[in-house]
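# need a structure here:
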Amino acid sequence: MTTTRTRRAPASAYRDARPASSGIDIDIARLERLRHLTRWMDSRWRVPGTNIPVGLDGIASIVPGIGDTATALVSAYIVMEAARFGLPKWILARMAANVGIDWAVGSIPVIGTLFDVGFKANRRNLDLLHEHLEERLAQARSV
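So this is what the prediction gives:
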């Protein structure tokens, strides 16, 4: 099972990259909180003897249904916070689909736990948020 790591800069990088007159307001503190929460949910620890990252989402999925539902609520919070950055509805729908897939497949005993360790819905959603913010900054610079 391969794992992906984000190639995104920390949220603090947006502070210096944001043109002063762009009209783009990025809440750096909120972005850092989402980044920190995502790390706890998806990749806080390593499986002993491997380089496979695991977070609370993978650990909680050991309890079928209940663990996945609890972590899906946290994932929904991440999507809700991402919506406050003004993401288009199609990106929010994609983020919600990531959470739904993670919840549905993750609820299957044993297979779901393995899926949760590899899928990383929160990481995918944070990457979508970063991509959107980077595009907005690039557009603001070109104006």
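# Surely Pro109 forms part of a helix?
No - Pro109: not assigned to a helix; according to DSSP: H, G, I helix; E, B strand; the rest coil it is coil.
# those helices in the protein, which residues are they?
Taking DSSP state H as the test, the helices found in the chain are 12-17, 28-42, 56-60, 66-83, 89-106, 111-119, 121-142.
# Can you name every helix or strand that the second one contacts?
To tie it back to what came earlier, the one meant is helix 28-42. On a contact count with 3 or more CB pairs under 8 Å, 6 or more residues apart in numbering; DSSP states H and E, helix 28-42 meets helix 12-17, helix 56-60, helix 66-83, helix 121-142. Bear in mind the C-beta positions are built from the backbone N, C-alpha and C, glycine included.
# Restricting to C-alpha, output the second one in CSV.
Once non-C-alpha atoms are left out, helix 56-60 reads as follows in CSV (Å, rounded to 0.1, in the frame of the first residue of the first chain):
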residue,chain,number,x,y,z
LEU,A,56,-6.9,8.6,14.6
ASP,A,57,-9.0,7.8,11.6
GLY,A,58,-7.2,4.5,11.0
ILE,A,59,-7.1,3.6,14.7
ALA,A,60,-10.8,4.4,15.4
